[in-house]
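Novice: turn this into a model:
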Amino acid sequence: MRIKEGFELRNVCGEHVVVATGMQNIDFSKIINFNESAAVLWNGLQDKDFTVDDIVEVLLSEYEVDEATARQDAEAIAKSWMEIGIIE
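Specialist: Reported below is the predicted structural model:
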């Protein structure tokens with residue numbers, strides 16, 4: 001997996017928001033708002049290919065969570081990001 005080119009995480013008025021920077025990605029019907037944990041993951045995975053295992057590693061290194069919970073959360077976030085089209 002990889003974060004699609006043309007999407008950037010920005011801080012807008014204290015909120016973490018993914019914005020489309022390329023014309024092919026613009027869809028004004030959706031705003032992608034991240035919580036702090038999702039922003040940490042985005043920053044840890046940015047500019048590289050990654051797997052669910054890599055997401056698990058970021059979660060384990062940043063939070064006090066067991067591996068089973070981290071894996072469950074990693075699979076859910078990967079699925080969610082794929083569905084909304086910000087990773088490929």
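
Novice: in three-state terms, label the residue nearest to residue 36 when sequence neighbours are not counted for me.
Specialist: Nearest non-adjacent residue to residue 36, counting by CB to CB, 6 or more residues apart in numbering: residue 16, 7.1 Å away. For every residue, glycine as well, the C-beta is placed using N, CA and C. Assigned state for residue 16: strand (three-state reduction, DSSP: H, G, I helix; E, B strand; the rest coil).

Novice: any idea of the pLDDT on residue 16?
Specialist: Note for residue 16: predicted pLDDT of 95.

Novice: pLDDT below threshold where in the protein?
Specialist: For the chain, applying pLDDT under 70 flags the ranges 22-30.

Novice: in it, where's the longest helix?
Specialist: helix 67-84 (DSSP state H).

Novice: list the helices and strands that helix packs on?
Specialist: Using 3 or more CB pairs under 8 Å, 6 or more residues apart in numbering; DSSP states H and E as the contact test, the elements touching helix 67-84 are helix 52-62.

Novice: which other residues reach the helix it packs on?
Specialist: Residues from elsewhere that reach helix 52-62 (CB atoms under 8 Å, 6 or more residues apart in numbering): 37, 40-41, 44-45, 65, 67, 70-71, 73-75, 77-78.

Novice: from those residues, pick the one nearest residue 11.
Specialist: Distance to residue 11, by CB to CB, is smallest for residue 40 among the contacts of helix 52-62, at 13.1 Å.

Novice: that's all I had, so thanks and see you.
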